[in-house]
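J.: give me the fold of what follows.
(one chain, ligands or ions: 1)
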Amino acid sequence: MVTEQSVSPAPARVLVASNRGPVSYTRRDDGTLEARRGGGGLVSGLSAIGADGSGEDAVWVCAALGEGDREAVRRTEGRLDPADTGGQRVRMLGIDPEVYAAAYNDIANSTLWFVHHMLYQTPLEPSFGPEFRERWAAYETYNRAFAEALAQEAAEGAAVLVQDYHLALVPGMLRALRPDLRIGHFSHTPWAPAEYFRLLPDDIAERLLLGMLGADRLGFLTWRWAEAFKECARSVLADRGLTAHWPQDAAGDGGRHLTYAHENGPSGGRTYLAVHGLGADGDFLRERAHRPDVAERMAALREQIGVAPDGADRRTIVRVDRTELSKNIVRGLLSYRQLLLDHPHWRERVVHVAFAYPSRQDLAIYRAYTEEVQRVADAINTELGTPGWTPVVLHVKDDFARSLAAYRLADVALVNPIRDGMNLVAKEIPVLSERACALVLSREAGAYAELGEDALVVNPYDINATAAALHEALTMPPADRTDRAKRLAAAATALPPQRWFLDQLEALRG
Ligand code: F6P
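T.: I've put the predicted structure just below:
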C-alpha cells in the first residue's frame, strides 16, 4: 500500500544509495499497488541502524525500476510508505524511463559489467561510437539524480554509502554538492585489470575513476579487486596527466587500508581503499531453511532426484545462480557431462540439481544465454538419461525456499564463475548442507580468497579439470569432507551482513 501524501522528513545521518532498492511494486488489475520486499546483504545490514536504540535515522535512495515503481513514486512523491518497506525510510527516484534504460541496460549492465567481468569477444566488441556517447550522457544524468537526492536528504556531516558500478560517478558529484559529507562507495563486482579497463574510451575511464575517487573510502570484496582498482587509477590517471600518488605504507586499520592522494581529484585529498568480504547470514539462513515451505520443497526435490538402482540415495551436485553471463553455467553442465563420460559408474547414482534464475531479461544476450543453459541441460538428459534417472534437474523459475532445500540436500556445491565479485552461494551452501558438502570452486570467484584452502579449486574454463574435481568431491573420504565443511561454514559466516555494514559505517566516520 502507498499513501497519497508524503511529509518531508528530517535530514538523515546515514544514507545508502543503490540502483535496486529494498522494495518493488507491481500494479494489480484493480489499480492498487502490491509491494514486494527484497532481501540481501544491504537490507540486512541497514536493519542494524537504529537497532541499538540510538534513534539514528537512515534513508535508502534507489531508482524506480519498472512501471509499478514509477506509479508508487507518483503517488508518494518518491517517499515510500514505511508500511511497504518494513519501516525503512526509502526515497525512490522516478527517473525518465529512457534515461533509466540507457543508464542501467546499456552502460551499467552492457558496458561496465562487461568490462569488470571481462566478457567481451574483443574481435568485434566493444565498439564505442556516437550511440555510446548518448547512452553515457544518460548514465551521467542518472548518477546526477542520485547525487542531488542524496545531497537533499543528508544531514550535515552525514555518512553516505554508495553501492556499485551503477553509481560510479555519484561520489564525485556528491562531493561537489556537499563537501561536508563522509562518502563511501562499495563495489559488489570484481574490478577489471588495468589493461582491460583501458578498453573504455580514455575520457570515460578517467571520469569513472575520478567519480569513484570523490569518495573518502572505496570498499571492495577482496584485495584482488582493490589492487586492480589501484592499478587502474595509477596508470589511467597518469596517462591523463593527473598526479596520482600511493604511499607505500599501509595506514590505519591494521594495515588494511592504502592511502591515495590525488591533487586534482574531486575529493582533493585522500581516498582509502578497504576490503570487506561480505559473508553469509548464518543465523537467518538456518532459521529460514527450517520452515515448512522448505521442507515441502525438499520432499519434491527428493522425488525428482530419485534413488539409485541399488536403493541408495542419489548423490547431488548443486548449483544455484542468477543466470548472469559470468556464472559459467554452460561449462558447469558440460563438466558434469564429462564426469559421467569419464566415470560411468556415477550414472544413475548422481543428479546435478541446477537452478538458473532469470536475470536482466531485457537484454537479448541474457535471454540467449538462458536458452543455451536449457538446451545443454536437455541435451545431456537426452544423451545420457534413462527411464528412471534424469541426470540434470534444472529449474529456471526463482524460488528461494527451493534454493534452500537444494542447499540442505547438497553433497557437492558447484560454483564455477568465470569471474565473480564474491559469490555468496559458495558461502551459503556449506552453511546449510546436511551432508557436509564438498565445494568445487572457481579460482576466479572472490570467495576463493576466503574459502580456497578447503575447496577443490578449478580453472573455470577447463571442462576436464572441473569434471575431475567433481569426481574428487564425490569420492572425498567422509572425515575429510566433514572437516572441510566445518571450516568452510565458519569462514563463510565470519563477516555477516550486519557486521559488514557497520564496519564500513564506523570506518567511514573515522
Ligand atoms: O550479483 C552482483 C550484482 O552485480 C550486484 O553487484 C548488484 O547489486 C546486483 O548484481 C545487481 O543486479 P540487478 O541488475 O538484478 O539489480
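J.: Provide the strand pairings for the longest strand anywhere in the chain, with the direction of each partner.
T.: As assigned by DSSP state E, the longest strand anywhere in the chain is strand 154-163. Using DSSP bridges, the strands paired with strand 154-163 are strand 12-17 (parallel), strand 182-186 (parallel).
J.: now these as JSON lines including mean neighbour count, mean pLDDT and distance to the ligand?
T.: Heads up, the C-betas are built off the backbone N, CA and C, glycines and all. What follows is these, written out as JSON lines (neighbours: other CB atoms under 10 Å; pLDDT from 0 to 100; distance: least, CB to the nearest ligand atom, whole Å):
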{"stretch": "strand 12-17", "mean neighbour count": "25", "mean pLDDT": "96", "distance to the ligand": "12"}
{"stretch": "strand 182-186", "mean neighbour count": "25", "mean pLDDT": "97", "distance to the ligand": "9"}
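J.: would you list those in a markdown table and tack on distance to His395?
T.: What follows is the strands paired with strand 154-163, written out as a markdown table (distance: least, CB to CB, whole Å):
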| stretch | distance to His395 |
| --- | --- |
| strand 12-17 | 32 |
| strand 182-186 | 31 |
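J.: quick check: which of those is nearest to Ala468?
T.: Closest to Ala468 of the strands paired with strand 154-163 is strand 182-186 (CB to CB; 36.3 Å).
J.: what does the closest one rub up against?
T.: Identification of contacts with strand 182-186 by CB atoms under 8 Å, 6 or more residues apart in numbering yields 157-164, 167-168, 170-171, 174-175, 212, 214-220, 267, 276, 504, 508-510.
J.: just give me the neighbour total for Ser127.
T.: Look at Ser127: counted by other CB atoms under 10 Å, it has 8 neighbours.
J.: as a whole number, average confidence for stretch 271-290?
T.: Per-region confidence: stretch 271-290 scores 94 on mean pLDDT.
J.: how about the secondary structure of the residue of the chain found nearest the ligand?
T.: Going by CB to the nearest ligand atom, the ligand is nearest to His188 of the chain, at 3.0 Å. Three-state assignment for His188 (DSSP: H, G, I helix; E, B strand; the rest coil): coil.
J.: near it, how many other residues are there?
T.: The burial count for His188: 19, using other CB under 10 Å.
J.: again with the one 4 residues further on
T.: Counted with other CB under 10 Å, the neighbours of Ala192 add up to 24.
J.: report the secondary structure state of it.
T.: Quick answer, by three-state DSSP: Ala192 is coil.
J.: return the residues in contact with it.
T.: Per CB under 8 Å, 6+ apart, neighbours of Ala192: Val115, His116, Met118, Ala228, Cys232.
J.: of all the residues you listed, which two lie farthest apart?
T.: Greatest spatial distance among the contacts of Ala192 (CB to CB): Met118 and Cys232, at 13.3 Å.
J.: next, show the common contact partners of these two.
T.: Common contact partners of Met118 and Cys232 (CB under 8 Å, 6+ apart): Ala192, Pro193.
J.: more neighbours, those two?
T.: Cys232 (23 against 17).
J.: what helix or strand does that one sit in?
T.: Using DSSP states H and E, Cys232 sits in helix 223-239.
J.: tell me which residues are up against that helix.
T.: 187, 189-194, 197-198, 202, 205-206, 209-210, 212-213, 218, 220, 244, 246, 258, 260, 262, 273-275, 421, 446, 449.
J.: pull out the buried members of these.
T.: By neighbour count, with 16 or more other CB atoms under 10 Å, the contacts of helix 223-239 hold 187, 189-192, 194, 197-198, 205-206, 209-210, 212-213, 218, 220, 244, 258, 260, 262, 273-275, 421, 446, 449 as buried.
J.: okay, and which of those map to helices?
T.: Ala194, Phe197, Ala205, Glu206, Leu209, Leu210, Met212, Ala449 (DSSP state H).
J.: for those, point out the one with the lowest pLDDT.
T.: Scanning these for pLDDT, the low point is Leu210. It has 90.
J.: quick one: that one from Val73, how far?
T.: Leu210 sits at a distance of 30 Å from Val73 (criterion: CB to CB, to the nearest Å).
J.: just to revisit the earlier point, I'd say the residue of the chain closest to the ligand and Asp164 touch.
T.: Yes - using CB atoms under 8 Å, His188 makes contact with Asp164 at a distance of 5.2 Å.
J.: quick revisit: the contacts of strand 182-186: which ones sit near the ligand?
T.: Restricting the contacts of strand 182-186 to those within reach of the ligand (CB under 6 Å from any ligand atom) leaves Asp164.
J.: for PyMOL, what selects the buried ones among the contacts of strand 182-186?
T.: Filtering the contacts of strand 182-186 down to the buried ones (16+ other CB under 10 Å) takes a single PyMOL command:
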select buried, resi 158+159+160+161+162+163+164+167+168+170+171+174+175+212+214+215+216+217+218+219+220+267+276+504+508
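J.: report how many residues lie close to Arg133.
T.: Count around Arg133 with other CB under 10 Å applied: 11.
J.: give the contact list for it.
T.: By CB under 8 Å, 6+ apart, the contact set of Arg133 is empty.
J.: my read is Leu339 is in a helix, agree?
T.: Yes - with three-state DSSP as the criterion, Leu339 is assigned to a helix.
J.: I'd say it and Leu470 touch.
T.: Yes - taking CB under 8 Å as the definition, Leu339 is a contact partner of Leu470 at 4.7 Å.
J.: got the residues of this structure near the ligand?
T.: Neighbours of the ligand within the chain, by CB under 6 Å from any ligand atom: Asn19, Arg20, Asp164, His188, Thr189, Ser359, Arg360, Gly421.
J.: hang on, the earlier thing: make a markdown table from the contacts of Ala192 and add pLDDT to it.
T.: Output for the contacts of Ala192, formatted as a markdown table (pLDDT from 0 to 100):
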| residue | pLDDT |
| --- | --- |
| Val115 | 98 |
| His116 | 98 |
| Met118 | 98 |
| Ala228 | 94 |
| Cys232 | 91 |
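J.: the helix or strand hosting Leu488: how far from the chain's middle?
T.: Using DSSP H and E, Leu488 maps to helix 478-492. Taking CA atoms, centre = their mean, to the nearest Å, one finds helix 478-492 lying 24 Å from the centre of the chain it belongs to.
J.: would you mark the buried spots in that helix?
T.: Residues of helix 478-492 classed as buried: Arg481, Arg484, Ala485, Leu488, Ala489, Ala491, Ala492 (neighbour count, 16+ other CB under 10 Å).
J.: tell me the angle the helix or strand just after it makes with strand 182-186.
T.: Per DSSP H and E, the first helix or strand lying C-terminal to helix 478-492 is helix 497-509. Interaxial angle of helix 497-509 relative to strand 182-186 (axes from the mean of the first three to the mean of the last three CA atoms, to 10 degrees): 140 degrees.
J.: ok, and what's touching helix 497-509?
T.: Counting by CB under 8 Å, 6+ apart, 14, 40-42, 44-49, 159, 161, 182-184, 186, 216-217, 219, 253, 272, 274, 276-279, 281, 495 sit against helix 497-509.
J.: go with 6 Å
T.: Residues from elsewhere that reach helix 497-509 (CB atoms under 6 Å, 6 or more residues apart in numbering): Gly41, Ser44, Gly45, Ala48, Ala159, Arg182, Gly184, Arg217, Gly219, His276, Leu278, Asp281.
J.: got a list of what the most centrally placed residue in the chain touches?
T.: What sits nearest the mean C-alpha location of the chain, by CA atoms, centre = their mean, is His188, with 5.4 Å. Each residue near His188 by CB under 6 Å, 6+ apart is listed here: Asp164, Gly421.
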